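A.B. asks: Sequence first, predicted coordinates after that:
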Amino acid sequence: MLSEILTLWARYDLTARTIEHLTMFAVALTFAFIIGILVGVLLYRHEKYAGPVLNVLNVVETFPDLALLVLLIPLVGIGAAPTIVACVLYSILPIARNAYTGLSHVSREQIDVAEALGLTGNEILLYIRIPLSLPLIAGGVRIAIVFTMGIVTLGGLIGAGGLGAPLQTGIFINIPMLIVTAGIWVGILAVVLDGLAGIAETWLAGRFGEW
Amino acid sequence: MPSPRLFERIDRVELKNLIKRYGDSIAVDDLTLDVTGGELLILIGGSGSGKTTTLRMINRLIEPEAGTVSINGTDIRTVDPVALRRNIGYVIQQIGLFPHMTVRDNIGLIPRLEGWDDAAITTRVEVLLELVDLPPEMFIDRYPRQLSGGQQQRIGLARALAMDPPLLLMDEPFGALDPILRKQLQEEFSKIKEDLGRTIVFVTHDIDEAFRLGDRIAIMHDARIIQVGKPEELILDPASDLVSKLVDADRKFRHIDNLTVRDLMRPVTRRYFFEGGMPIGPALLAMMEDDLGLVIVTDTASGTGILNRRDAFTHRNDPVTVGDVARRPLVFAPGDSATEALRVLKRKKSPFALVMDRETPAGLFFSDEVLMRLI
Amino acid sequence: MVAIETIALATFHHMVLAYTALLVGIGISIPLAVLSLYSRRFASVVITGANLVQAVPSLAVVAVFVPLIGIGFWPAILAIVLRALLPIIKNTWIGLSAVDPAVIDSARGIGLTDWQIVRHIRFPLAYPAMFAGIKFAAILANSLAILTAIIGSGGLGSIVFEGMASVNIAKLMAGAVPAICLAILIDATFSALERRLTPSFMRE
């Protein structure tokens, strides 16, 4: 059985697929993180938009992932581009919402103390609010990691490569061992990444306080 | 199916050689205690002394490792725990009202599970609300979060009495309330107790409360009972230094001759002041919302008066004002000697007096509280 | 172009798929959540399991079902159920177990049986959390019901996959747009229901 797996692994070049997969994942998550934090900070700066913006993002969140991917094809073509855009669209909400909640819910006393020490508004944001929001932001990133992993895998169906591609091949030309190998492998990757994010979250929460 | 009525009255609750351990620590160590029918027995001790564990073994919320609890000679292990608990009232400090149920449903839940019809439940709930001084028409449909702490505790007591249990277990029921309200509830409670003639086991860590309410007091320390007796026995004949220290807690008040009324009174704040012209209905409402048992009525025809909650409750539907119902209290000045003030209270058989600093009410002076601090 | 009847039929099929799975999921997960109240170990297995499986990409979950039980409507239902179970179990369990211990203690103290405590105290207090889990599961089921067309479930997903095979944008939209509309509808319906069902003791 092991030799069968190794043969399949080589024939369908799962090493290259894994690298593709993780590259897309890293690119998507980086964009999602930057945009998510930016949106979070903007919402914190302009509270009155927070409700409507979060509501819209909430609705996007309910879209079936495959339907959203497909919807993006006429706009950005097939392959990695719609995959990454879809990942970002799904991941903005958890990151932005948690960043916004974290930033705006820092306790009044801590802000008072910072102001009394003579910190400016931006310094308070940078040195007080952001560090104190880190555990919550980490929680949002962790959710984004799960979304991103799921959608990058779906990307295989619209020509983005990655580990979704061998899954599709396995289903279409019926190679059970390929499905199982690629399926379990991507499952392990997802669980490990989520686990690492969980450890980071716990560590940050232990350091900066529990929410 | 309705639970059987296990006992009409309590003759005796016997706790015999009870042992309970949690891991390596012993919570109750070979405890033996007799509760006589009709008495209010206090279990007092510090945290971790085993008093709550002991209480909870009486309604089988905790099962002892060794020893027996029997009620009127029946070993409670032979009784279904659910049936047992429906025959024993239970009140805890955190109250534990069901947040999703109205006052009616909270009090009426067990009657409903026992198969009572709606009319009977409503009647019972109304009787119990009257008993705890809450006008049923105002409170029956409220949810717990719409009640103040004191009101919640009254409902907790009413719920415990729903099935008219002859035995009542209370675990620091007034522990979370502010001092004046606490006193008020203690007084009302001791009246209820006399009216109903129930047997009560009452856990507290507050020696004042123990002396105020207890017929007998069992002092617990390190999982054991170190002395059981009437309050005066504990004072006159303490079994150990620990007991004498406990009953003697406030040494600083020993030299009563040097003390003035100001030293022993309870100060009052603005919310205790009501104007004499206020109609009684809204006044009762305000007293209930703020959990006030006694208020000071200003600007009446005859000077400053005192309105107690019971009187306000009785007259709640009459077309009278606060000034009409208020009573004339005894009045002291803050500088009066405490000994002299106590003598006057005793002679006039009054439980308390108003302390006036010239024209301004400054506080309330309760006789039992003063005595409690002096014992 | 895609005939309107084809879309309507596929939408109906899609809804049957998603809601059958959702109902089966509710039916399985609520008893499991109640059971996990009675065994701490069982609860930790269920919750850890739920968290782990939640992280696995849904395409992997759906794909792995093929070698196990083949393709078609019922394997698709099974795949969706497995996914939809998790948020319901987790939320129900959180709701049931997050009840104030003092409330449970007093309920026991005044003589409620274990079952009566679950029925009259824990469940009503868990409804909001349970409902949130069901809402999430409904959205998930709607999403997965598209993907399961890859293992032959039929429905809107088959139109999408046909569109992909022939790179036919009109077909892609004919499958995707109704699914997105359904998602918005589900979200709106459940949110409205949520407001209606919010127990009066939680309203101001």
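C.D. replies: Thanks, I have the structure now. This one's a predicted model, so the numbers in the text were calculated from it and none came from an experiment. Numbering: from 1, shown residues only, chains lettered A, B, ... in the order given.
A.B. asks: who are the neighbours in contact with B:Ile107?
C.D. replies: B:Arg124, B:Val125, B:Leu128, B:Leu129, B:Ile155, B:Ala158, B:Arg159, B:Ala162 (Cβ atoms under 8 Å, 6 or more residues apart in numbering or on different chains). For glycine as for every other residue, the C-beta is placed from the backbone atoms N, C-alpha and C.
A.B. asks: Break down the stretch 251-375 of chain B into its helices, ranges please.
C.D. replies: Secondary structure of the stretch 251-375 of chain B by DSSP state H, counting those that start in this stretch: the helices cover B:261-264, B:280-289, B:309-314, B:322-325, B:338-348, B:367-374.
A.B. asks: Tell me which of the ones you listed approaches C:Ala174 most closely.
C.D. replies: helix B:280-289 (62.2 Å; Cβ to Cβ).
A.B. asks: could you say what helices and strands the helix or strand containing B:Ala218 packs with?
C.D. replies: In the assignment (DSSP states H and E), B:Ala218 maps to strand B:216-221. The contact analysis (3 or more Cβ pairs under 8 Å, 6 or more residues apart in numbering or on different chains; DSSP states H and E) places strand B:216-221 against strand B:40-44, strand B:224-229, helix B:231-236, helix B:241-247.
A.B. asks: any idea how far the first one is from the chain center?
C.D. replies: In terms of Cα atoms, centre = their mean, to the nearest Å, the centre of strand B:40-44 is set 12 Å apart from its chain centre.
A.B. asks: do the third one as well
C.D. replies: The chain centroid and the centroid of helix B:231-236 are separated by 21 Å, computed with Cα atoms, centre = their mean.
A.B. asks: Residues contacting that helix, please?
C.D. replies: B:Ala210, B:Phe211, B:Gly214, B:Ile217, B:Ile219, B:Gln227, B:Val243, B:Val247, B:Asp248, B:Ile375.
A.B. asks: Just the buried ones among the residues you listed, please.
C.D. replies: Among the contacts of helix B:231-236, those classed as buried by 16 or more other Cβ atoms under 10 Å in any protein chain shown are B:Ala210, B:Phe211, B:Gly214, B:Ile217, B:Ile219, B:Gln227, B:Val243, B:Val247, B:Ile375.
A.B. asks: Hmm, the fourth one is touching B:Ala210, no?
C.D. replies: Yes: shown here, B:Ile217 and B:Ala210 form a contact pair, counting by Cβ atoms under 8 Å, at 5.1 Å.
A.B. asks: between these two, what contacts are shared?
C.D. replies: B:Ile42, B:Ile44, B:Pro231.
A.B. asks: Which one of those residues is nearest to chain A?
C.D. replies: B:Ile44 (36.5 Å; Cβ to the nearest Cβ).
A.B. asks: how about the CA coordinates for stretch B:104-122, as CSV?
C.D. replies: C-alpha atoms of stretch B:104-122 as CSV (Å, rounded to 0.1, in the frame of the first residue of the first chain):
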residue,chain,number,x,y,z
ARG,B,104,-45.0,32.7,38.7
ASP,B,105,-43.2,29.9,36.8
ASN,B,106,-40.2,30.0,39.1
ILE,B,107,-42.4,29.5,42.2
GLY,B,108,-44.9,27.3,40.4
LEU,B,109,-42.5,24.9,38.6
ILE,B,110,-42.5,22.2,41.2
PRO,B,111,-46.3,22.4,41.8
ARG,B,112,-46.7,22.2,38.0
LEU,B,113,-44.5,19.1,37.8
GLU,B,114,-46.5,17.7,40.7
GLY,B,115,-49.6,18.0,38.5
TRP,B,116,-51.4,20.9,40.1
ASP,B,117,-53.9,22.8,37.9
ASP,B,118,-53.2,26.4,36.8
ALA,B,119,-55.7,28.0,39.2
ALA,B,120,-54.2,26.2,42.2
ILE,B,121,-50.7,27.2,41.2
THR,B,122,-51.7,30.9,40.8
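A.B. asks: number of nearby residues for residue 122?
C.D. replies: The chain I'm using is chain A. 8 (other Cβ atoms under 10 Å in any protein chain shown).
A.B. asks: Sorry, I should have been clearer: chain C.
C.D. replies: If we define neighbours as other Cβ under 10 Å, then C:Arg122 has 20 of them.
A.B. asks: Remind me what the longest helix belonging to chain C packs against, helices and strands.
C.D. replies: Identified as the longest helix of chain C according to DSSP state H is helix C:4-38. Judged by 3+ Cβ pairs under 8 Å, 6+ apart, helix C:4-38 is in contact with helix C:40-55, helix C:73-97, helix C:123-147, helix C:156-165, helix C:169-197.
A.B. asks: Quick one, which of the ones you listed gets closest to B:Ile306.
C.D. replies: helix C:123-147 (42.5 Å).
A.B. asks: what pLDDT, on average, does the closest one get?
C.D. replies: The predicted model assigns helix C:123-147 a mean pLDDT of 92.
A.B. asks: Can it be said to contact chain B?
C.D. replies: Yes: interface with chain B: helix C:123-147 contributes C:Pro124, C:Leu125 (Cβ under 8 Å from any Cβ of the partner chain).
A.B. asks: Contacts only, for A:Gln168.
C.D. replies: Shown in contact with A:Gln168 (Cβ under 8 Å, 6+ apart): A:Gly156, A:Leu157, C:Ile150.
A.B. asks: so what's B:Pro267 up against?
C.D. replies: Contacts of B:Pro267 (Cβ under 8 Å, 6+ apart): B:Ala362, B:Gly363.
A.B. asks: Leaving out the residues flanking it, which one is nearest to the residue nearest in space to the middle of chain C?
C.D. replies: Centroid-nearest residue in chain C, with Cα atoms, centre = their mean: C:Ala137, separated by 2.4 Å. Leaving out its chain neighbours, the residue that sits closest to C:Ala137 by Cβ to Cβ, 6 or more residues apart in numbering or on different chains is C:Ala84, at 4.0 Å.
A.B. asks: Hmm, the one you found is touching C:Leu140, no?
C.D. replies: Yes: if you go by Cβ under 8 Å, C:Ala84 and C:Leu140 touch, sitting 5.6 Å apart.
A.B. asks: So which of these two has more stuff around it?
C.D. replies: Neighbours per residue (other Cβ under 10 Å) separate C:Ala84 from C:Leu140, with C:Ala84 holding more: 29 against 26.
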